[in-house]
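Chemist: mind folding the following:
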Amino acid sequence: MTDAPRILIIDDEPPIRKFLRISLESAGYLPCEAETAEQGLRSAAAAPPDAVILDLGLPDADGLDVIRRLREWTTVPIVVLSARGREADKIAALDGGADDYLTKPFGAGELLARLRVALRHAAGAKSSTDSVFEVGEMTVDLAARRVIVEGREVHLTPTEYRLLTTLVRSAGKVVTHRQLLKEVWGPSSVEENQYLRVYLGQLRRKIERDATRPRYLLTEPGVGYRLAES
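Modeler: Numbers count the residues shown, from 1 in each chain. Prediction:
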């Protein structure tokens, strides 16, 4: 167990912490627990975890503050678990630096899958210098600025290419509408959601086998988009 990824749980509900502890241990992780924001931040600083599972409704601080304070010094993956199901709450957490967001109640299987993606993404960000991204039958060669789907080169407009590569750099993670608009069109366009809908639709028609049932460019309703990582 000494080589197992260490997962910090910050949640004030004992039944949730117990459920998470059992689920994580059964999947080969090493969980540690904190029931307040301050305990969680101290634990993260004393023994940096490989990932954090965070509740937003903590007794001594809002979970959004915990995200901001962690992001001041670490890029550790943060998966939010919260009873807050509003789109605005999800967007605030993701824009604030969280890697993923699940609404309570949630299933252990989905949580573990999201956690695996977050850990893979973190490992890739630390160790990979590879300029080629591959998923399914799509290859994006960032150095050569080429996109190959099912063996054929796909010709993208500059805007479509910027949109795709922005998603590639965060593959497996939810990227909010606001983040995408800022990266692709600039800070003055963060409210222009129609740009995103139009170009995402064009991009899907070029790289998806069936644009109405996307395999690569996945929608997180009301929040943003996620590029499949596997």
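Chemist: moving C-terminal of the one helix or strand residue 117 maps to, what's the next helix or strand?
Modeler: Secondary structure assignment for residue 117, by DSSP states H and E: helix 108-127. Remark: after helix 108-127, the chain's next helix or strand is strand 132-135, criterion DSSP H and E.
Chemist: with just CA atoms, put the least confident helix or strand in the chain by mean pLDDT into CSV.
Modeler: One helix or strand of the chain scores below all others by mean pLDDT, DSSP states H and E: helix 108-127, with a mean of 81. The C-alpha trace of helix 108-127 is given here as CSV (Å, rounded to 0.1, in the frame of the first residue of the first chain):
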residue,chain,number,x,y,z
ALA,A,108,-18.7,4.7,-6.6
GLY,A,109,-18.1,3.5,-10.1
GLU,A,110,-18.4,6.9,-11.7
LEU,A,111,-16.4,8.6,-9.0
LEU,A,112,-13.5,6.1,-9.4
ALA,A,113,-13.6,6.5,-13.2
ARG,A,114,-13.4,10.3,-12.9
LEU,A,115,-10.6,9.9,-10.3
ARG,A,116,-8.6,7.7,-12.7
VAL,A,117,-9.0,10.3,-15.5
ALA,A,118,-7.8,13.1,-13.2
LEU,A,119,-4.8,11.1,-12.0
ARG,A,120,-3.9,10.1,-15.6
HIS,A,121,-4.2,13.7,-16.7
ALA,A,122,-2.0,14.9,-13.9
ALA,A,123,0.6,12.2,-14.6
GLY,A,124,0.7,13.2,-18.3
ALA,A,125,1.0,16.9,-17.5
LYS,A,126,4.1,16.1,-15.3
SER,A,127,5.9,13.6,-17.4
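Chemist: many thanks, have a good one.
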